[in-house]
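Participant: here are the coordinates; sequence isn't available:
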């Protein structure tokens, strides 16, 4: 729809005052700039949760509030990597805006007038979607989350397999319990949510393992049908009832389609309800859908569609279609709509289907979005260090999964060999865990850079078993909402090549830098495998490595040296960020210490010049006098501790001699008649460097007052004094 048509629709369906308010709000959002982003960030981070305003405010105040909260949602990495503070606000589809406001407008009308409309909207929308996605003779219901459709379909399966369940409740399972089969590669949390929502014990859930889960096989996360058949056979032998199976046409992680020819036969033989979900179901709208997806639709008892992503309809609900063979199952499962309640949540979807121009135009849109996967795959094939964990193999796929890895060549060779002989393939893995950690760090860095610099390309960060961190691109689910175009994909690929070249330059320069660091005695290179940059370096002043400084032994030397090193390196990070703004990360904390974190560099980076600059800047920040000055409080504590120790000795001597000897006149006479034993108290001297009290035996014996290397000392708690 062009702008003129959108404006005409808005003029017809929206009241003038509502339309004007929407336009003003959108204009304000489009004009949103980052001149005061830092100020707003500080403001809203210090006032969370916000204080409820005591007075009413205008719509512009609410929009400004929203703008500031959007700023808070940016991560620190995005703020540091973004060259400007200006926000990227996508153009809002005029159709979605008009339909959302029309939905709100209808909710304010008289319910008696809107009730007949609600039924008509739902019936039409379900019928159109069933026709577009070739799941004829079906009914459907709307919901907000994908897993909600799975739960409702499972309820229908329970009522079909146990007809008395609606009357007798859980007692029907006294003799035999139902069993739900869920793929090992289903979305996280589905299994727990299913049994919790249905009130079933955990023993009713079976997790079905996937194919090719070993590191020496081509990656796959489709259901192992042979394993499933064995599990079903064991459950039947135990007297259990196989009831429900969740399969995927586009698995959550890799976007692969299960083998539905085998699954259909299993489900038919054992009367199991087969539910299918996944983004590959979008290809059912094509004139010639892939055979694997057509098999899924023909075998399924129910399937969940996601038109919100596939058709780019903001705030549209998801739809689950189920076979119309037994309509009576819907009522006990709770999926029959309440016609007494006005709910027009399907209105944006109802309007968007009409505006897109019917099944043919929708097919063309989905085809164009799916082709972006093939386009990206072809571009990535020219980058030697990029390995495609999942790539199109002739048929249309919804997901591309790729990663940067130094093992890309070996992995591609293994995949090629697998086409001839899938057995006996060698395992391709990193030699050390540090190499694997560095690879993950690089892929995370690529994701962050691509997300900021190519915002119309929606990439996701996922963890794949045996492969580590990967980047996932799902254009079928994101292209319409983000207005992704072929030019955007080409631009993203060009940018990715540049980033990969920078990573290769960084790896090469890192080797040179490691060899040069020993030439600078004050620099320390830290092992930080989870850092994608060239190095993590800290500066250590000379006086921090000496336990005795200017004749004084520094107490708690390790702790105080760390504090001084942190002080120096905090200032050093700021100083180096000014000299090398493109590669220095201001957040210099690495694990439990502060250091200069040097990011990804280019081929023009000079490691020697950088290290020399870093060393000179560290020298300029050294301040041994300040470090010594900080010991003043320590010296005072040492003196106090020594005096306290002498006082304790004097008190102990007093009680050992007895009170009588200290009575005036009488005590002297008593001591004369009964001399006391030899006093245990000896002369004391205080060692300033060690902070300890020492006996004066050595001084009296040799008639010299020298500092002994290994004195017989009685250490004070802390202190520095003379006695």
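Facilitator: Yes, it's here. Predicted model only: the values in this text are computed from it and were never measured. Residues are numbered from 1 along each chain as shown.
Participant: Pull out the buried residues from stretch 360-374.
Facilitator: 362, 363, 365, 366, 367, 369, 370, 371, 372, 373 (16 or more other CB atoms under 10 Å). Every residue, glycine included, has its C-beta placed from N, CA and C.
Participant: Just these: which are in helices?
Facilitator: Members of those lying in helices (criterion: DSSP state H): 362, 363, 365, 366, 367, 369, 370, 371, 372, 373.
Participant: Ignoring the adjacent residues along the chain, who's closest to the last one?
Facilitator: Distances taken as CB to CB, 6 or more residues apart in numbering place residue 400 nearest to residue 373, at 5.1 Å, with adjacent residues excluded.
Participant: Which strands or helices does the lengthiest helix in the chain pack on?
Facilitator: Taking DSSP H as the assignment, the helix of the chain that covers the most residues is helix 486-516. If you count contacts as 3 or more CB pairs under 8 Å, 6 or more residues apart in numbering; DSSP states H and E, helix 486-516 packs onto helix 358-380, helix 433-453, strand 535-539, helix 607-621.
Participant: and these as TSV, adding distance to residue 463?
Facilitator: Below are these laid out as TSV (distance: least, CB to CB, whole Å):
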stretch	distance to residue 463
helix 358-380	20
helix 433-453	8
strand 535-539	24
helix 607-621	33
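Participant: quick revisit: and the ones in helices among the buried residues of stretch 360-374, which is closest to residue 178?
Facilitator: Residue 178 has its nearest neighbour among these in residue 366, at 35.9 Å by CB to CB.
Participant: ok, the closest one - contacts?
Facilitator: 282, 283, 285, 286, 310, 476 (CB atoms under 8 Å, 6 or more residues apart in numbering).
Participant: At the geometric centre of this protein, which residue sits there?
Facilitator: Geometric centre of the chain, nearest residue: residue 461, 7.5 Å, by CA atoms, centre = their mean.
Participant: So that one: helix, strand or coil?
Facilitator: Assigned state for residue 461: strand (three-state reduction, DSSP: H, G, I helix; E, B strand; the rest coil).
Participant: Relative to residue 450, how far out is it?
Facilitator: When distances are taken as CB to CB, to the nearest Å, residue 461 and residue 450 turn out to be 10 Å apart.
Participant: Overlap in contacts, those two.
Facilitator: When CB under 8 Å, 6+ apart defines a contact, the residues bordering residue 461 and residue 450 alike are residue 471.
Participant: Residue 324 is in contact with residue 137, correct?
Facilitator: Yes: Residue 137 is in contact with residue 324 according to CB atoms under 8 Å; the separation is 4.9 Å.
Participant: Those two - which one has more neighbours?
Facilitator: Regarding residue 137 and residue 324, a neighbour count based on other CB atoms under 10 Å identifies residue 324 as having more, with 13 against 9.
Participant: what's near enough to touch the closest residue to residue 603 other than its chain neighbours?
Facilitator: The spatial neighbour of residue 603 that comes closest, neighbours along the chain excluded (CB to CB, 6+ apart), is residue 505 at 4.6 Å. Listed by CB under 8 Å, 6+ apart, the contact set of residue 505 reads 601, 602, 603, 605.
Participant: Same question for residue 445.
Facilitator: Applying CB under 8 Å, 6+ apart to residue 445 gives the contacts 503, 532, 600.
Participant: Tell me the one of the residues you listed nearest residue 155?
Facilitator: Out of these, the one with the shortest distance to residue 155 is residue 532. That distance is 47.2 Å, counting by CB to CB.
Participant: hang on, isn't the closest one packed against residue 449?
Facilitator: No: Residue 532 sits out of contact with residue 449 when judged by CB under 8 Å, with a separation of 10.0 Å.
Participant: Which helix or strand in the chain has the lowest average pLDDT?
Facilitator: Every helix and strand in the chain was compared by mean pLDDT, DSSP states H and E; the lowest is strand 713-715, with a mean of 40.
Participant: Average pLDDT for stretch 373-380, rounded please.
Facilitator: Per-residue pLDDT over stretch 373-380 has a mean of 88.
Participant: Report the distance from that stretch to the chain centre.
Facilitator: Counting by CA atoms, centre = their mean, to the nearest Å, stretch 373-380 is centred 25 Å from the centre of its parent chain.
Participant: So that it lines up with my notes, have the first residue be 57 from now on.
Facilitator: With 57 as the first residue, the last one maps to stretch 429-436.
Participant: And residue 549, how far from residue 533?
Facilitator: From residue 549 over to residue 533 (counting by CB to CB), the distance is 19 Å.
Participant: Now render the buried residues of stretch 416-430 as TSV, adding distance to residue 370.
Facilitator: Written out in TSV, the entries for those read as follows (distance: CB to CB, whole Å):
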residue	distance to residue 370
418	17
419	21
421	16
422	18
423	22
425	16
426	21
427	23
428	20
429	23
